[in-house]
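1. Kindly return the folded structure for what I paste below:
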Amino acid sequence: MKERVKLKIAVLNGPNLNLLGKREPEIYGDVGLESINDGLISAFSDVDFEFFQSNSEGALIDKMQSLAVDGAVLNPGALTHYSIALRDCIASVNYPVIEVHISNTAAREDFRRNSITAPVCKGLISGLGIYGYNLAVLALKNHLGNKYN
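-> Residues are numbered from 1 along each chain as shown. Below is the predicted model:
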């Protein structure tokens, strides 16, 4: 019988996402980042997760470049709208990235409606709350196919 290989997925969060659950709960909800991570671990026992959050653009880029993973879920926060450096990093890594936003960025302020990172990602999930993280993991599992099923 073939041994089942665990999928390795990084969950990366950018600036201010360490404040989830406290920061603007009317927009981002009242669930903290640690609870989101714990929920992913509970929902996907067949996935080996690596979690990382930074308020620093450079630290996030360094982390993405150093990862040995099958795929990544990325909530770039405000970097979505202006970080050419992060966009170039996503384009250069050798694993698929799914961009996630808790709020519906298309329904927010004009400056939040444009993502310069999304065009180099495998996909974009926006506006479905913290469940977007689960959907991103499901999308990566589907994209990566039978190797992990």
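2. Check which residues of the helix ranked longest in the chain are buried.
-> Longest helix of the chain, by residue count under DSSP state H: helix 131-144. By neighbour count, with 16 or more other CB atoms under 10 Å as the criterion, the buried positions of helix 131-144 are 132-134, 136-137, 139-141, 144. The way it works is simple: take the backbone N, C-alpha and C, and place the C-beta from them, glycine included.
3. try stretch 16-30
-> Of the residues in stretch 16-30, those buried by neighbour count under the rule 16+ other CB under 10 Å are 17-18, 20-21, 28.
4. any idea which helix or strand of this protein has the worst average confidence?
-> The weakest-scoring helix or strand in the chain, judged by mean pLDDT, DSSP states H and E, is helix 25-28 (a mean of 72).
5. need the next SSE after it, C-terminal direction.
-> Per DSSP states H and E, the first helix or strand lying C-terminal to helix 25-28 is helix 33-43.
6. From the chain's centroid, how far away is that next one?
-> 13 Å (CA atoms, centre = their mean, to the nearest Å).
7. just the angle between the next helix or strand after it and helix 131-144, please?
-> On the C-terminal side of helix 33-43, the nearest following helix or strand under DSSP H and E is strand 47-53. Per axes from the mean of the first three to the mean of the last three CA atoms, to 10 degrees, the angle that strand 47-53 makes with helix 131-144 is 130 degrees.
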